[in-house]
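Enquirer: Just a sequence and a predicted model for now, questions to come.
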Amino acid sequence: MAIIRPSIEHLDELQQPLGDAGRVVFDAFAALSDDWTIYVRPKVGQDVPDLVLVHDWRGVITVDVVDWRATDHRRSDHGDIEVLGPDGTWKPSTEQPLAVARRHRSTVYEQFFAFPGDAREPGGTVRSVVVLPRCTGAQAGALLASGLGDPANTVLVWSGEDLAGRLQFLVDGPGSTPAPAASIERLRREIVIDGMVHHAVAPVQLSDNARLVVANPGRAHIRGVTGTAGSGKSFALTARAARLAAEGKSVLVLCFNLTLANHLRRLVVERCAEYGANPARVTCTSFHTFCSRVVDDAAQTGTLADEPARGTWPVKIVVKTRDVLAAGFERRFDAVLVDEGQDFTVDWWNMLREHVVRPDGEMLLVADATVDLYGKSTWDDPEALATAGFTDPWIAMTSSYRMAPDLVRSTNEFVRLFVADDAVVPEIAEDQALVVGRVSTATRTWRNVERVADLGASVGREVVRLLETNPDLAPRDIVYLCEYHHDGLAAAEEIEAAGHPVHHVYSRDPDERHRSKGRFWPGADAVKGCTVHSYKGWDSPAVVVGVGMEERSRRLAYASMTRVSSTASGRDTSYLVVVNADPRMADFQPTFELGATLAAKP
């Protein structure tokens, strides 16, 4: 028998239990051997397929069950699916099983399986089937175009008859090529199981201010948190999400960057284990991905948005989202929590406040103006705050629990000299060791390069140097951050030439860049390479930063420097290497490397 997650005795406790038709299909697949794992109604991004089957060799299968009968569904002369209403008339159906199945397959592949550089399409390693157990093969084929699936041949359509006769055809997979082991590992680790989770990793302890965010003792409906780099904003937000889930509430966690959503989901799962909460109650996604999903789902119900005449896709999708929500399409949550809120506009926030959070629901926004890399500067304006519903003072999280004290001093000096002399910078946390445990020392290195054209290759060589001179470091411990993709690619070439694997988002193709960001995974067993913008909210024990010559490069450099974590359990040293191509900052090297030691010299 296959391994079932959650266990069979808990299937009736799911938020959306399998119906009678779903149990018929489940029983057929459950008879597979124990080298298959069946996840029943797992949370996959914003989706909940009925089943996801995983095999270390054969790959992944998403299964969607459609409880249709030929007596109550039919295909019209125009090719549309119609459903028989209570009044005996045939009306267009809003259900689109093939479109839903294609989306489930794509989401599993893009967010849980594929790595940057993998094929654009999932191929045979991630397959999908729609099962109509109440129909014969002829009836299922007539309803959903063809027994062979949709026109693109990405989804199989099966009847109840096929469950017995063709099951082996489906599970045998694409042939002799095994599924990539790293992809299967990622899916097994990242898929969210409906129900209580017992996670092997103990979550990070919280500071007093973070616990205040989690508790919300005043039961405020709208709260703001301002925090410096490493102050624990994301930990507080995800712990609040888990606590709300433990209360049985639905929670939407939003961020701006595609890459950050994966990280937040992992933090939420860890916290849900701590609070005994169901992580499937929490949806973690980027803002524009959420908007795109709302527009697509609204279209399936017949609520269509006009195409805006002007603007890029990110601008247009927000306009279309606002239109369909205003037109009556509903997508509500008990709570909406926004991380890296400095990247959000007041208009986005108010759309969420008016149309997405339920009446009397809770909203939380956490922000750090110092890493406002997109120049929105939204939350410094009292008038804007008032229009966004903020009436209480914001909670201020001022201390860094991520970086070692000497690293805090060096990065603070950098931002005051080269970004803004009045910048709000983190304080050294007096209770850092008490909250996070052991704090490693921070080794700081500053390298000047004469030509900006050499920046990327120099970054790559510094990564190689760290690996060759520090045996405590593995490739997975290091991340390098570059402002431009050509520099990131040059760095990757140097690292790979030295024999080390690289997991990065860099590409000369804009479409490939977007795709790679969605596939970026912090758990990859390789050196990580990322743009500064997309690495906000994450951290690593060893960071190599490339600094260009533009004015904005300095702010990006500061944001990159603060990604270093000196609190990894059991590690003696954390590392920060800055590769600088700006001659105006070359003299900062001794101050950066020696810090307080230099100042103490006579």
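Expert: Cool, the structure landed. Numbering: from 1, shown residues only.
Enquirer: Show me the strands in the stretch 51-200 of the chain, by range?
Expert: For the stretch 51-200 of the chain, the strands identified by DSSP state E, counting those that start in this stretch occupy 51-55, 59-65, 73-75, 81-84, 90-92, 126-132, 156-159, in order along the chain.
Enquirer: looking at the ones you listed, which is closest to Gly523?
Expert: If you check each of the strands of the stretch 51-200 of the chain against Gly523 by CB to CB, strand 51-55 wins as the nearest, at 16.7 Å. For glycine as for every other residue, the C-beta is placed from the backbone atoms N, C-alpha and C.
Enquirer: can I get the strands of the stretch 51-200 of the chain in CSV with distance to Val419 and mean neighbour count?
Expert: As requested, the strands of the stretch 51-200 of the chain are arranged in CSV below (distance: least, CB to CB, whole Å; neighbours: other CB atoms under 10 Å):
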stretch, distance to Val419, mean neighbour count
strand 51-55, 46, 22
strand 59-65, 45, 25
strand 73-75, 62, 18
strand 81-84, 58, 16
strand 90-92, 57, 12
strand 126-132, 44, 26
strand 156-159, 55, 24
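Enquirer: Can I get the ones you listed in CSV including distance to Ala367?
Expert: What follows is the strands of the stretch 51-200 of the chain, written out as CSV (distance: least, CB to CB, whole Å):
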stretch, distance to Ala367
strand 51-55, 35
strand 59-65, 37
strand 73-75, 49
strand 81-84, 46
strand 90-92, 44
strand 126-132, 37
strand 156-159, 46
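Enquirer: mind checking which of those is nearest Val436?
Expert: strand 51-55 (34.5 Å).
Enquirer: hang on, the earlier thing: make JSON lines out of the strands of the stretch 51-200 of the chain and add distance to Thr531 and mean pLDDT.
Expert: Formatted as JSON lines, the entries for the strands of the stretch 51-200 of the chain read as follows, by distance: least, CB to CB, whole Å; pLDDT from 0 to 100:
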{"stretch": "strand 51-55", "distance to Thr531": "31", "mean pLDDT": "96"}
{"stretch": "strand 59-65", "distance to Thr531": "29", "mean pLDDT": "96"}
{"stretch": "strand 73-75", "distance to Thr531": "47", "mean pLDDT": "92"}
{"stretch": "strand 81-84", "distance to Thr531": "43", "mean pLDDT": "92"}
{"stretch": "strand 90-92", "distance to Thr531": "44", "mean pLDDT": "91"}
{"stretch": "strand 126-132", "distance to Thr531": "27", "mean pLDDT": "94"}
{"stretch": "strand 156-159", "distance to Thr531": "38", "mean pLDDT": "92"}
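Enquirer: low-confidence ranges in the chain?
Expert: Residues of the chain that meet the criterion pLDDT under 70 lie in 145-153, 174-176, 196-201, 370-378, 568-570, 595-602.
Enquirer: how does it divide up, domain by domain?
Expert: 3-190, 208-397, 402-600 (automatic domain parsing).
Enquirer: will you turn those domains into CSV that also has distance to Ala202?
Expert: Output for the domains of the chain, formatted as CSV (distance: least, CB to CB, whole Å):
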stretch, distance to Ala202
domain 3-190, 16
domain 208-397, 8
domain 402-600, 9
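Enquirer: Nearest to Arg41, out of the strands of the stretch 51-200 of the chain?
Expert: For these, the distance to Arg41 is smallest for strand 51-55, at 7.7 Å, taking CB to CB.
Enquirer: tell me which strands and helices the closest one is in contact with?
Expert: helix 20-30, strand 36-40, strand 59-65, helix 181-190 (3 or more CB pairs under 8 Å, 6 or more residues apart in numbering; DSSP states H and E).
Enquirer: Could you spell out the sheet neighbours of that strand, each with its direction?
Expert: Using DSSP bridges, strand 51-55 pairs in its sheet with strand 36-40 (antiparallel), strand 59-65 (antiparallel).
Enquirer: Take these and lay them out in TSV including distance to Cys255.
Expert: Written out in TSV, the entries for the strands paired with strand 51-55 read as follows (distance: least, CB to CB, whole Å):
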stretch	distance to Cys255
strand 36-40	25
strand 59-65	26
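Enquirer: Can you say which of the ones you listed is nearest to Ser159?
Expert: Distance to Ser159, taken as CB to CB, is lowest for strand 59-65 among the strands paired with strand 51-55, at 11.9 Å.
Enquirer: Show me how far the lengthiest strand in the chain is from its chain's centre.
Expert: Of all segments of type strand in the chain, defined using DSSP state E, the longest is strand 357-367. Once both centres are worked out by CA atoms, centre = their mean, to the nearest Å, strand 357-367 turns out to sit 20 Å from its chain's centre.
Enquirer: May I have the strands that pair with that strand, each with its orientation?
Expert: Applying DSSP bridges, you get strand 222-227 (parallel), strand 333-338 (parallel) as the partners of strand 357-367.
Enquirer: Tell me which of those strands lies nearest to Cys272.
Expert: Each of the strands paired with strand 357-367 has some distance to Cys272 by CB to CB; the shortest is strand 333-338, at 14.0 Å.
Enquirer: Same question for the next helix-or-strand element following the closest one: list its buried residues.
Expert: Past strand 333-338, heading to the C-terminal end, the next element that is a helix or strand (DSSP states H and E) is helix 346-355. Taking 16 or more other CB atoms under 10 Å as the neighbour-count basis, helix 346-355 is seen to contain the buried residues Val346, Trp348, Trp349, Met351, Leu352, Arg353, His355.
Enquirer: what does stretch 507-524 give?
Expert: By neighbour count on 16+ other CB under 10 Å, the buried set for stretch 507-524 is Ser507, Glu512, Arg513, Arg515, Ser516, Lys517, Gly518, Arg519, Phe520, Trp521, Pro522, Ala524.
Enquirer: swap in stretch 203-214?
Expert: Going by neighbour count (16+ other CB under 10 Å), the buried part of stretch 203-214 is Pro203, Val204, Leu206, Ser207, Asn209, Ala210, Leu212, Val213, Val214.
Enquirer: List the contacts of the fifth one.
Expert: Taking CB atoms under 8 Å, 6 or more residues apart in numbering as the contact definition, Asn209 lies against Ser231, Gly232, Ala236, Ile395, Ala396, Met397.
Enquirer: Only alpha carbons, please: show the helix or strand harbouring the third one as PDB.
Expert: In this case it means Ala236. Applying DSSP H and E as the criterion places Ala236 in helix 233-246. Listed in PDB are the C-alpha atoms of helix 233-246, where the atom choice follows Å, rounded to 0.1, in the frame of the first residue of the first chain:
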ATOM      1  CA  LYS A 233      10.400  41.200  11.300                       C
ATOM      2  CA  SER A 234       9.700  38.100   9.100                       C
ATOM      3  CA  PHE A 235      10.000  35.800  12.100                       C
ATOM      4  CA  ALA A 236       7.400  37.800  14.000                       C
ATOM      5  CA  LEU A 237       5.100  38.000  11.000                       C
ATOM      6  CA  THR A 238       5.200  34.300  10.200                       C
ATOM      7  CA  ALA A 239       4.700  33.400  13.900                       C
ATOM      8  CA  ARG A 240       1.600  35.700  13.900                       C
ATOM      9  CA  ALA A 241       0.400  33.900  10.800                       C
ATOM     10  CA  ALA A 242       0.800  30.500  12.600                       C
ATOM     11  CA  ARG A 243      -1.000  31.800  15.700                       C
ATOM     12  CA  LEU A 244      -3.900  33.000  13.700                       C
ATOM     13  CA  ALA A 245      -4.000  29.600  11.900                       C
ATOM     14  CA  ALA A 246      -4.000  27.900  15.300                       C
END
